[in-house]
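>>> quick one, structure for this:
(one chain, ligands or ions: 1)
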Amino acid sequence: MTLLDVDGLSVSYGRRSGRVLSDVSLSVRPGEIVGVVGETGSGKTTLVRAVVGLAPAEAGRVTFDGTEVTALRGRRLRAFRRAGGIQLVFQDPLRSLDPDLTVAAIVAEGLTVAGGLTRSEQAERVDEALTRVGLDPALGSRRPGQISGGQRQRVALARAIAVRPKLLLCDEPVSALDASSRNRVLLLLDRLRRELGVAIVMISHDLTSLAGAVDRVAVLFGGRLVEQGPVGEVFGDPAHPYTALLVASAPSIGERPLGRPAASLRPPLDREPWPHGDGCRYAALCPFATTECAVEPRREARTGGRAVACHHADTWPDLVGRTRGALT
Ligand SMILES: Nc1ncnc2c1ncn2[C@@H]1O[C@H](COP(=O)(O)OP(=O)(O)OP(=O)(O)O)[C@@H](O)[C@H]1O
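I've put the predicted structure just below:
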């Protein structure tokens, strides 16, 4: 069963920005953690915004739990958001949490918006949410400036789960944290999905955080998904040259057996400038690109749970002298 289905989604903020997302397809099942990785400006936040109807879909569809979000407008869209089935969690809780409110009032925000609970029921749900994220409900009387960064991120999560959502969209949830708080929050996300059955989409530019935390991963480059699949397979045996470069540049994911793998995945310095076309966004940077890459992007080819959008997925590994699977 699919909880969230993003199908051929394209987003543009207007003529000047061009297409920020092109033909993105991604699905998330209940209780699953899916990572979206990509460099700055690749469209990660836009994807999250489009899922809740905050960024304009130029083409394609987003369906959540049977509701086509991209078809909702005005009052129906606001009602969908108020119902709270999808909750957003941002990178920097100090900026996303109102500094003047107490922690308890912050955690109650979504409950107030959704309505339907008495004050004492609300207070009970706030205490329950704080306990679930590992915070003492006594912290409820403090303000965001009076607790630590790790605690603030837990408060943001408590606020999100208090309304009992089916999906959490976490935009760089651990990037602002030190290594030990980061691990604790990642473990907490895993516990929440097991205990509550909530699905999580986790956006990050950091492969290391995603590697141990997600079930599946999707790799974005220039607004297109270049590859997706089970995280062990995608990071262990990248099928797209861009994923391979990301993996090779993230030393903590494992020792590379290729000598200087990152260098072998970059185009030679003397290569002619690549012509601009409608093709693969990575072609200009790809040492394996041919004319067809520049002209027409390869649509994602699927085998089992994996998908890759590269004309040369089967041949480029030979060119760097490895067989598929050598990066594991
Ligand atoms: N409201 C907007 N209006 C116009 N352009 C926008 C808007 N929001 C984002 N963009 C542009 O869309 C592109 C993708 O931005 P987005 O924030 O989705 O990327 P990102 O991968 O999340 O980046 P980062 O990791 O830096 O947050 C960027 O070129 C950005 O300048």
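
>>> which stretches in the stretch 101-250 of the chain count as strands?
Secondary structure of the stretch 101-250 of the chain, counting by DSSP state E, counting those that start in this stretch: strands at 167-171, 199-204, 216-221, 224-230.

>>> which of these sits closest to residue 10?
strand 224-230 (9.8 Å; CB to CB). Placement of C-beta: from N, CA and C, glycine included.

>>> neighbouring contacts of that closest one?
Residues from elsewhere that reach strand 224-230, judged by CB atoms under 8 Å, 6 or more residues apart in numbering: 21-26, 215-220, 234, 238-240, 242-243, 280-282, 297, 300, 304-310.

>>> can I get the strands of the stretch 101-250 of the chain in JSON lines with distance to residue 131 and mean neighbour count?
Below are those laid out as JSON lines (distance: least, CB to CB, whole Å; neighbours: other CB atoms under 10 Å):
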{"stretch": "strand 167-171", "distance to residue 131": "18", "mean neighbour count": "24"}
{"stretch": "strand 199-204", "distance to residue 131": "20", "mean neighbour count": "24"}
{"stretch": "strand 216-221", "distance to residue 131": "30", "mean neighbour count": "25"}
{"stretch": "strand 224-230", "distance to residue 131": "33", "mean neighbour count": "25"}
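
>>> so can I have CSV of these showing distance to the ligand and mean pLDDT?
Shown next, in CSV, are these (distance: least, CB to the nearest ligand atom, whole Å; pLDDT from 0 to 100):
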stretch, distance to the ligand, mean pLDDT
strand 167-171, 7, 95
strand 199-204, 7, 96
strand 216-221, 7, 96
strand 224-230, 12, 95
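
>>> and stretch 80-90, is it in reach of the ligand?
No. Judged by CB under 6 Å from any ligand atom, stretch 80-90 and the ligand are separated, with a smallest distance of 10.6 Å.

>>> how far does that stretch stretch from one end to the other?
20 Å (CA to CA, to the nearest Å).

>>> just send the strands of the stretch 101-250 of the chain back as JSON lines, with distance to residue 188 too.
As requested, these are exported to JSON lines (distance: least, CB to CB, whole Å):
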{"stretch": "strand 167-171", "distance to residue 188": "11"}
{"stretch": "strand 199-204", "distance to residue 188": "11"}
{"stretch": "strand 216-221", "distance to residue 188": "20"}
{"stretch": "strand 224-230", "distance to residue 188": "22"}
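
>>> quick one: average pLDDT of the helix or strand encompassing residue 294?
Counting by DSSP states H and E, the element that carries residue 294 is helix 291-295. Averaging pLDDT along helix 291-295 gives 82.

>>> swap in stretch 270-288?
Per-residue scores along stretch 270-288 average to 78.

>>> so how far is it from its chain's centroid?
Centroid displacement of stretch 270-288 relative to its chain, using CA atoms, centre = their mean, to the nearest Å, is 26 Å.

>>> list the buried ones in it?
Residues 274, 279-288 are the ones in stretch 270-288 that count as buried (16 or more other CB atoms under 10 Å).
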